[in-house]
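Asker: sharing a model prediction with you, sequence too.
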Amino acid sequence: MKANKIHMGPAKIALDLGDGSERGEYVNQDYILHKLGKPHRGINLMYCYYPLDEGWPTRASKLPLPEGKTAAYAWDYAYDDYFPYEGGIGGNTEGEPFASMRDVRRHGQDVILTLTVDPAVTDAHLVKLAEELRPFGRLMLRINHEAMGNWFAYNKRCSYQEVADFYVRFHKIIKEHAPHIKTILCVGDGKVHGTGKLKYEDEFAEAISVADMWSADTYLSLHWGWPFDIAEPGGTTHKRVPNEEIFAGLKFEYERFKTHGNSRPFALNEFNADGDVNGPFQQAEQVEDFYRRLPTEAPFISAVTFYQFRDRGRLGLEIEDPSNANEGYEQPILETYKKIMTLPQHTPEKTIGEAASFPAALRWGGSEDADGISISITLDSAPTFCEVTFEGDDIALNLMLEINNRWFYKKPGAKTIDLMPAFFTSPATDCTLNIFAPPPNGTNDPSQGDGWETNYHAQIKPPPQLRIRYAPVIQL
């Protein structure tokens, strides 16, 4: 068995995926991996933290409305209708978002945590949040996104300057208590005519200058009246924008951001075209055109988050089955998106290193910085059986496996993984089995010593055993 060390680094443009929001429930990472065949750089989870409000931590849409009031749009509640962040002062880390974050990281992906927070909370609350998020590796924290809008509760309660000042306050606390976490600032709402600036740019100038990452939420089309009305011709609660106009707007925003500090990663943390507006076929066509043009039209974009995997409306790769909330049915954009995932600009860089021997050390820094093992495989022909078996202590390992461009997950306790799905539609002769070891609990281990916040270490002892056969067990 020929084995080499392998390093996995970033793609030119990272692919991220939204999983759960006010429009859909969280879908487990095993299901998503089976559907798409490969993991993402990161998974965006959307939560809110309003611990000073009466009724917290009940989800906002489940709270009774004041007498005589009815909800007229998606944000017409006491606070933002995201999943409640169940940690913080007086909370715990056994529920959400921690269970979902562990699931994401076990499956070889980084966490992007979108968190809307009441700016009235004290520093003690923010310190507690930073300490709770510290074990989750190279997490990206998107604080009070779409901050130049008027729909979220924090914008209704505070001036834009107060929202911007809160971002800076939270950022500084993160850097003091969990400096490896990167903060994301999501602003940008078009040019203000006569000024050449972004809307509320002056108020957010300091926030732009301190943020680790910049972002914008960009929809080629959107029906923001969902679910309270239906998008029909002549309506006023939906829009559609040509891709050329979107690219021009992103370039303007990026250039304005750069006037407030050195360039830094600029991501689209929500992106899609709404099937409510485009219909399912033109949705797929317009989205595919955007992704293919990204490298030339917007080379400054570092990552794109598709919003989202499963949706109760038409903003998902799947639509939630209204008769069974645990199931979804595919949209045409799902197959289109699988093709997008194979584009060279979205493929993580892998570098084969020196020969490796067993036992072999594995290091998981994150989906853009990991050291694993690559085992060379030469096939005589298309296999009928191909599986890998782990023995001894290796059965307890938590592993992500890649072969023939298809990824598989091995949870602790699983012994044998059937690799044949990698060959169902894509035959191969020479290929490699790449093995990486994300943390089994989804969190890094403080007992591993210096650098534990950003690296998790494991060891694979005996070489895994491959069983490859080229014919049925019994031939008729």
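Answerer: Alright, I've got the coordinates.

Asker: from here on, just use CA atoms for contacts and neighbour counts.
Answerer: Fine.

Asker: can you pull the phi and psi angles for residue 427?
Answerer: Dihedral pair for residue 427: phi -70, psi 150, per degrees, to the nearest 10.

Asker: before we move on, what about the one 10 residues further on?
Answerer: When read as degrees, to the nearest 10, the backbone of residue 437 gives phi -130, psi 80.

Asker: what's the spacing between the residue nearest to it when sequence neighbours are not counted and residue 362?
Answerer: The shortest distance from residue 437 to any non-neighbouring residue, by CA to CA, 6 or more residues apart in numbering, is to residue 399 (4.6 Å). Distance, residue 399 to residue 362, by CA to CA, to the nearest Å: 10 Å.

Asker: what sits in contact with each of those two?
Answerer: 436, 437 (CA atoms under 8 Å, 6 or more residues apart in numbering).

Asker: so what's the residue nearest to residue 437 bridging to?
Answerer: Listed by DSSP bridges, the beta-bridge partners for residue 399 are residue 410.

Asker: OK, contacts around it?
Answerer: In this structure, residue 399 makes contact with 107, 409, 410, 411, 412, 435, 436, 437, 438, judged by CA under 8 Å, 6+ apart.

Asker: least confident secondary structure element in this structure?
Answerer: Ranking every helix and strand in the chain by mean pLDDT, DSSP states H and E puts strand 191-192 at the bottom, with a mean of 61.

Asker: tell me which other helices or strands the helix or strand just after it touches.
Answerer: As assigned by DSSP states H and E, the chain's next helix or strand after strand 191-192 is strand 197-198. When contacts are defined as 3 or more CA pairs under 8 Å, 6 or more residues apart in numbering; DSSP states H and E, strand 197-198 packs onto strand 191-192, helix 243-258.

Asker: tell me where the stretch 301-450 of the chain has strands.
Answerer: In the stretch 301-450 of the chain, the strands defined using DSSP state E, counting those that start in this stretch lie at 301-306, 310-311, 318-321, 324-330, 350-355, 360-366, 369-378, 385-389, 399-403, 406-410, 416-418, 430-436.

Asker: which of the ones you listed sits most buried?
Answerer: Mean neighbour count (mean count of other CA atoms under 10 Å) peaks for strand 310-311 among the strands of the stretch 301-450 of the chain, with a mean of 26.

Asker: quick check: residue 246 touching residue 221?
Answerer: No: Residue 246 is beyond contact range of residue 221, at 10.3 Å (criterion: CA atoms under 8 Å).

Asker: with neighbour numbers in mind, choose between these two.
Answerer: The residue with more neighbours, out of residue 246 and residue 221, is residue 221; 24 against 15, by other CA atoms under 10 Å.

Asker: got the contact list for the host helix or strand of the more buried one?
Answerer: Following DSSP H and E, one finds residue 221 within strand 213-223. Applying CA under 8 Å, 6+ apart, the contact partners of strand 213-223 are 146, 182-188, 208, 231, 237-243, 246, 257, 264-274, 276-278, 286-287.

Asker: sorry, back to before: quick one: the residue nearest to residue 437 from residue 8, how far?
Answerer: Remark: distance between residue 399 and residue 8 (CA to CA) = 14 Å.

Asker: residue 159 too?
Answerer: Here the criterion is CA to CA. By it, residue 159 lies 44 Å from residue 8.

Asker: those two: which is more packed in?
Answerer: Of the pair residue 159 and residue 8, residue 8 is the one with more neighbours under other CA under 10 Å, namely 21 against 12.

Asker: backbone dihedrals for that one, please?
Answerer: phi -110, psi 120.

Asker: quick check: which ranges of the chain have low pLDDT?
Answerer: For the chain, applying pLDDT under 70 flags the ranges 190-194.

Asker: now the helices for it?
Answerer: Counting by DSSP state H, the segments of the chain that form helices are 29-36, 98-106, 123-133, 153-157, 160-177, 205-210, 243-258, 275-297, 332-340.

Asker: got these as TSV, with distance to residue 58 columns?
Answerer: Formatted as TSV, the helices of the chain follow (distance: least, CA to CA, whole Å):
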stretch	distance to residue 58
helix 29-36	25
helix 98-106	17
helix 123-133	18
helix 153-157	15
helix 160-177	24
helix 205-210	30
helix 243-258	36
helix 275-297	29
helix 332-340	33
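
Asker: quick check: which of the ones you listed is nearest to residue 225?
Answerer: Closest approach to residue 225 among the helices of the chain is made by helix 275-297 (10.4 Å; CA to CA).

Asker: buried sites along the closest one?
Answerer: Neighbour counts over helix 275-297 (16 or more other CA atoms under 10 Å) mark 275-278, 280, 282-284, 286-288, 290-291, 294, 297 as buried.

Asker: so which residues make contact with it?
Answerer: Under CA under 8 Å, 6+ apart, the answer for helix 275-297 is 220-223, 231, 238-240, 243, 247, 272-274, 301, 313-315, 331-333, 336-337, 340, 345.

Asker: switch to 7 Å and redo it
Answerer: For helix 275-297, contacts defined as CA atoms under 7 Å, 6 or more residues apart in numbering pick out 221-223, 231, 243, 247, 272-274, 314-315, 331-333, 336.

Asker: surely residue 430 and residue 377 touch.
Answerer: Yes: taking contacts as CA atoms under 7 Å, residue 430 lies within contact range of residue 377: 5.9 Å.

Asker: what touches both of the two?
Answerer: By CA under 7 Å, 6+ apart, no residue touches both residue 430 and residue 377.

Asker: and residue 21, which of the helices of the chain is closest to it?
Answerer: Among these, the nearest to residue 21 by CA to CA is helix 98-106 (12.6 Å).

Asker: so which other helices or strands are in contact with the closest one?
Answerer: strand 110-117 (3 or more CA pairs under 7 Å, 6 or more residues apart in numbering; DSSP states H and E).

Asker: ok, and for the strand it packs on, which residues are buried?
Answerer: Under the neighbour-count criterion of 16+ other CA under 10 Å, strand 110-117 has 110, 111, 112, 113, 114, 115, 116, 117 buried.

Asker: just stretch 446-459 next, same as before
Answerer: The neighbour-count criterion (16+ other CA under 10 Å) identifies 452, 453, 454, 455, 456, 457, 458, 459 as the buried residues of stretch 446-459.

Asker: how about the nearest residue to the third one once chain neighbours are set aside, what does it touch?
Answerer: It stands for residue 454. Setting aside the residues directly before and after it, residue 454 is nearest to residue 137 in space (CA to CA, 6+ apart), at 5.0 Å. Counting by CA under 7 Å, 6+ apart, residue 137 makes contact with 443, 444, 453, 454.

Asker: make a markdown table from these and add distance to residue 19 to it.
Answerer: Output for these, formatted as a markdown table (distance: CA to CA, whole Å):
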| residue | distance to residue 19 |
| --- | --- |
| 443 | 19 |
| 444 | 22 |
| 453 | 24 |
| 454 | 24 |
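
Asker: between those residues, which is nearest residue 73?
Answerer: residue 443 (37.3 Å).

Asker: quick check: phi and psi at that closest one.
Answerer: Backbone dihedrals for residue 443, given as degrees, to the nearest 10, come out at phi -120, psi 150.

Asker: quick revisit: buried ones only from the contacts of strand 213-223, please, as a ChimeraX command.
Answerer: Entered in ChimeraX, the line below selects the buried ones among those, by 16+ other CA under 10 Å:
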select :146,182,183,184,185,186,187,188,208,231,238,239,243,257,264,266,267,268,269,270,271,272,273,274,276,277,278,286,287
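
Asker: among the helices of the chain, which is nearest residue 65?
Answerer: Closest among the helices of the chain, using CA to CA: helix 153-157, at 14.9 Å.
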